[in-house]
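Attaching a predicted model along with its sequence, questions to come.
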Amino acid sequence: MRSIRQLVLCVLLAACAHAFALDNLNMHVRTQRFLDSEKNTIIHVDYQIPYNNLVFLAHKGGYFAEVDVVVEVVEQDSVVFSQAIRDNIGISNKDDARSAKTYLNRASFNLSGKAYEFRFRATDLNSQRIFAWSFPAEPLPPESLLSDLELCSAVRPDSSSYLGKFHRGNTLYKTQPSLIFDKTESDFVNLFFEVYTREAQRNESSLLVLTVEQDSVIVSDDYLDFNPDGDIDRITLKIPLSELKPGKYSGSLMLQLGEQSAERDFDFFVTEPKQENYSIFPNPDDDFQLLRYFIAGGLTTDWKNYDEPTKRRYVSQTWKYWAQSNNMNTQMMLDRISERVDYANRFFGHFEPGWTTDRGRIHIRNGKPDEITSDTSSDETRFVRKDYQIWKYSSGINAVYLFVDLQLNGNYKLLYVSNDDRENTNPDYLRYLGEDFDTSLLDN
């Protein structure tokens, strides 16, 4: 029993060490051993790669990553068997590359009564980042009562080819090599295992005891009657996640069969997604003003009555709602807006931040114009000659904007606009340019 616990501990420690190595490919690997009908050991090597750790390249309307995996079975430093796998991982939405989604695969091997060393190596071909890991593997004794435990995020009927290596009959057992379970994505930690009995044992009283604890405090302790039904019984026990707090949990499964017993230990982690806080500025009042650039109406009229935490929640939820309404990823959208805010502050600011100016507002909403005309008004104007700019957008909105430096201080004011219902034209804009101003310059 101690050797099994040490094996599991080595597996967990090695996986964690590699998972957090910043210069390496980040992935999770976990092994489970089962006996077949001939009492030979089958070992599954399951690996899970987060999409956000891979490099996806655009190709033929999609985005693809390629990972080369090599698993070597070693005996006394000699490779006795090697299996190579090429994982082609495709996504249609580039936002998935930054998501929490993962890729899952499995390699399976027969252990012919000996202990081996396994060497696992994965290479992301697009980034050349590498994950390397080695671990000892011993076969289960033929007289074992229990297999190893397989922790699954989902166990459900599925007769499709989806994750075909993880099917048993018409049931999908989606393993979770990371041992991390998100309460918003999984209702249970599904504990799958096999019980091996002989015919003479099937009349003996039997009991399964499942214990889960956190920080040495037992949070659940279940006693389950068990009646062996054949040489191999496949069992799935469910640990509800709804009442578990985020953190690390340790558990044990004990089988008592007559005078014989067997036990397996396991660990898992429960997470809840952090509250998303979407914003551009440290001050939520600035975000609220910025939101007005994109949302013409519908913003709250009670803003001044909100305390700061409420303001931050409102801003975050409104940015998220606006992005989703426009079929955009919220964080990527905010990154783009932040870049435009920075640009406006660098080039349009004077006595006030550039993002609050008329040119800053139009740039933040629409990006850089396709065409800019800069000139000075003629002597025919009633005022002193003034600099002006005409911005034209030739794609999308096809809008035209005329800005005039009314106060001769570099803070250009928007006086004329076409094809943009959010902005207004000053009906006297020609007073500032002169009656001889060529209005055809405003054509698009």
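Sure thing, it's come through.

Strands of the stretch 101-250 of the chain, start to end?
102-111, 116-124, 129-137, 150-157, 167-168, 171-175, 180-182, 188-196, 206-214, 217-225, 232-240, 247-257 (DSSP state E, counting those that start in this stretch).

Downstream of the last one, the next helix or strand is which one?
The reference is to strand 247-257. As assigned by DSSP states H and E, the chain's next helix or strand after strand 247-257 is strand 260-271.

Packing partners of that next one?
Here strand 260-271 touches helix 2-19, strand 180-182, strand 188-196, strand 247-257, going by 3 or more CB pairs under 8 Å, 6 or more residues apart in numbering; DSSP states H and E. The C-beta positions use only the backbone N, C-alpha and C, and glycine is treated the same way.

if you set the cut-off to 7 Å instead, what comes out?
Judged by 3 or more CB pairs under 7 Å, 6 or more residues apart in numbering; DSSP states H and E, the packing partners of strand 260-271 are helix 2-19, strand 180-182, strand 247-257.

Which of the ones you listed comes out lowest on mean pLDDT?
Lowest mean pLDDT within the helices and strands packed on strand 260-271: helix 2-19, a mean of 39.

next structured bit after that one?
Helices and strands here follow DSSP H and E; after helix 2-19, the next one along the chain is strand 28-35.

got the CA positions of that following strand in PDB?
Below are the C-alpha coordinates for strand 28-35, written out as PDB (Å, rounded to 0.1, in the frame of the first residue of the first chain):
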ATOM      1  CA  HIS A  28      -0.900  17.800 -16.900                       C
ATOM      2  CA  VAL A  29      -0.300  14.100 -16.900                       C
ATOM      3  CA  ARG A  30      -1.900  11.400 -14.800                       C
ATOM      4  CA  THR A  31      -1.800   7.600 -14.900                       C
ATOM      5  CA  GLN A  32      -4.300   4.900 -13.900                       C
ATOM      6  CA  ARG A  33      -3.800   1.100 -13.800                       C
ATOM      7  CA  PHE A  34      -6.500  -1.500 -14.400                       C
ATOM      8  CA  LEU A  35      -6.500  -5.300 -14.800                       C
END
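
Sheet partners, orientation included, of that strand?
Sheet pairing for strand 28-35, assigned by DSSP bridges, gives strand 41-50 (antiparallel).

chain center to the strand it pairs with: distance?
When C-alpha coordinates are averaged (CA atoms, centre = their mean, to the nearest Å), strand 41-50 and its chain have centres 21 Å apart.

Equivalent analysis for stretch 208-225, please.
Offset of stretch 208-225 from its chain centre (CA atoms, centre = their mean): 31 Å.

Which residues does it contact?
Residues outside stretch 208-225 that contact it (CB atoms under 7 Å, 6 or more residues apart in numbering): 207, 226, 237, 239, 244, 247, 249-255.

Was I right to think residue 67 contacts residue 122?
Yes. Contact between residue 67 and residue 122 holds when scored by CB atoms under 7 Å: they sit 5.6 Å apart.

Report the separation between residue 148 and residue 35.
Distance check for residue 148 against residue 35: by CB to CB, to the nearest Å, it reads 10 Å.

right, I mislabeled it, should have said residue 218
31 Å.

more crowded one of those two?
residue 35 (21 against 10; other CB atoms under 10 Å).

Which strand residues bridge the more buried one?
Beta-bridge pairing for residue 35 (DSSP bridges): residue 41.

Now do the same for it: its pLDDT.
If you check residue 35, the pLDDT there is 96.

Test my guess that it contacts residue 41.
Yes. Using CB under 7 Å, residue 35 is in contact with residue 41, at 6.2 Å.

which residues are in contact with both of these two?
With contacts taken as CB under 7 Å, 6+ apart, the residues that reach both residue 35 and residue 41 are residue 140.

Most widely separated two among the contacts of stretch 208-225?
Farthest apart among the contacts of stretch 208-225 by CB to CB are 226 and 247. That separation is 29.6 Å.

Of those two, which one has the most company?
Ranked by neighbour count (other CB under 10 Å), residue 226 and residue 247 place residue 226 first, with 16 against 10.

wait, the more buried one sits on residue 202?
No. Residue 226 lies out of contact with residue 202 (CB under 7 Å); the separation is 10.8 Å.

can I see the domain layout of this structure?
1-140, 145-273, 275-348, 369-444 (automatic domain parsing).

Would you convert these into TSV that also reports distance to residue 359?
Below are these laid out as TSV (distance: least, CB to CB, whole Å):
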stretch	distance to residue 359
domain 1-140	30
domain 145-273	38
domain 275-348	5
domain 369-444	5
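
Between those domains, which one is closest to residue 358.
Going by CB to CB, the one of these nearest residue 358 is domain 369-444, 4.0 Å.

for the closest one, what is the average pLDDT?
Domain 369-444 comes out at a mean pLDDT of 88.

so how far is that domain off the chain centroid?
Remark: domain 369-444 is offset 45 Å from the chain centroid, using CA atoms, centre = their mean.

That domain spans what distance, first to last residue?
Domain 369-444 has an end-to-end distance of 12 Å (criterion: CA to CA, to the nearest Å).

What is the neighbour count of residue 61?
Residues lying near residue 61 (other CB under 10 Å) number 6.

Now do it against residue 395, distance only.
21 Å.

try residue 98
As judged by CB to CB, residue 98 and residue 395 stand 26 Å apart.

Looking at those two, which one has more neighbours?
residue 98 (13 against 6).

ok, that one touching residue 54?
No. In this structure, residue 98 is not within contact of residue 54 by CB under 7 Å, at 10.8 Å.

Show me the residue sitting in the middle of this protein in space.
In the chain, the residue lying closest to the centroid (CA atoms, centre = their mean) is residue 100, at 1.5 Å.

A strand includes that one, no?
No. Looking at residue 100 with DSSP: H, G, I helix; E, B strand; the rest coil, it is coil, so not inside a strand.

ok, residue 399 - contacts?
Applying CB under 7 Å, 6+ apart to residue 399 gives the contacts 393, 417-420.

Ignore what I typed, I meant residue 37.
residue 231 are the contacts of residue 37 under CB under 7 Å, 6+ apart.

Next, it: secondary structure please.
Here residue 37 is recorded as coil under three-state DSSP.

same deal with residue 299?
coil.
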